[in-house]
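Chemist: this is a predicted model, with the sequence first.
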Amino acid sequence: MSLNRRGFLAASALTTPLLAGSATQAAADPAEPVVPGADQLAAQGWRRLAGRRIGVLSNPTGVLASLDHIVDSMVAAGVRPSAAFGPEHGFRGSAQAGGSEGDYVDPHTGIPVYDAYGASADKLAGMFTKAGVDLIVFDIADVGARFYTYIWTLYTAMAAAAKVGA
């Protein structure tokens with residue numbers, strides 16, 4: 001099935017109220033803190049990702065409660081991603097709106113970073129293959145100020161991952 005951006009956004013808009021309703025019914029005890037998955041993995045030393053060829057699609061919002069970037073935390077724990085992929089504004093966020101950082105080696109970690117901004121699913125699948133990844137971690141917070149940029153990046157990454165079996 002092929003889905004264009006307008007169709008994807010329309011489907012998302014129709015699905016969101018349904019998901020919100022079920023989430024409300026299954027809400028956890030409000031006294032218990034919510035611990036995001038990345039923080040849970042970091043607390044376990046990223047063990048569940050060990051031995052995998054990890055690709056991380058993220059930007060500066062991909063941080064833990066400690067404000068450490070997830071890639072920096074993985075590397076510090078000895079779980080080294082094969083590559084990082086940067087959306088609009090780039091992996092480290094140095095580009096302005098409508099821009100990207102291009103391909104480079106991250107000076108903080110030595111990990112290759114691929115420019116994923118505006119990439120089609122086929123092009124992104126090629127990047128995943130070139131990087132040799134078998135697992136994609138997507139960590140981008142979308143505050144809704146850009147109504148589809150990052151959610152469309154997620155959709156494209158999921159389609160690319162399906163193409164390469166990651």
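Modeler: Received, thanks.
Chemist: quick one: the strands in the protein?
Modeler: 54-58, 83-86, 104-105, 112-115, 135-139 (DSSP state E).
Chemist: can you lay out those as JSON lines showing mean pLDDT, distance to residue 65 and mean neighbour count?
Modeler: Any C-beta I mention is one placed from the backbone N, CA and C, and that applies to glycine too. As requested, the strands of the chain are arranged in JSON lines below (pLDDT from 0 to 100; distance: least, Cβ to Cβ, whole Å; neighbours: other Cβ atoms under 10 Å):
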{"stretch": "strand 54-58", "mean pLDDT": "95", "distance to residue 65": "16", "mean neighbour count": "27"}
{"stretch": "strand 83-86", "mean pLDDT": "95", "distance to residue 65": "21", "mean neighbour count": "28"}
{"stretch": "strand 104-105", "mean pLDDT": "95", "distance to residue 65": "28", "mean neighbour count": "12"}
{"stretch": "strand 112-115", "mean pLDDT": "96", "distance to residue 65": "24", "mean neighbour count": "21"}
{"stretch": "strand 135-139", "mean pLDDT": "93", "distance to residue 65": "13", "mean neighbour count": "19"}
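Chemist: I figured residue 41 was touching residue 54, is that so?
Modeler: No. The pair residue 41 / residue 54 is not scored as a contact, 11.0 Å apart, by Cβ atoms under 8 Å.
Chemist: for the residue of the chain most remote from its centre, give me its contacts.
Modeler: The outermost residue of the chain, judged against the average C-alpha position, is residue 31 (28.6 Å), by Cα atoms, centre = their mean. Residue 31 sits next to no residue when contact means Cβ atoms under 8 Å, 6 or more residues apart in numbering.
Chemist: can you tell me who the most centrally placed residue in the chain pairs with across the strands?
Modeler: Nearest to the geometric centre of the chain sits residue 138, at 1.9 Å (Cα atoms, centre = their mean). Beta bridges link residue 138 to residue 57 when assigned by DSSP bridges.
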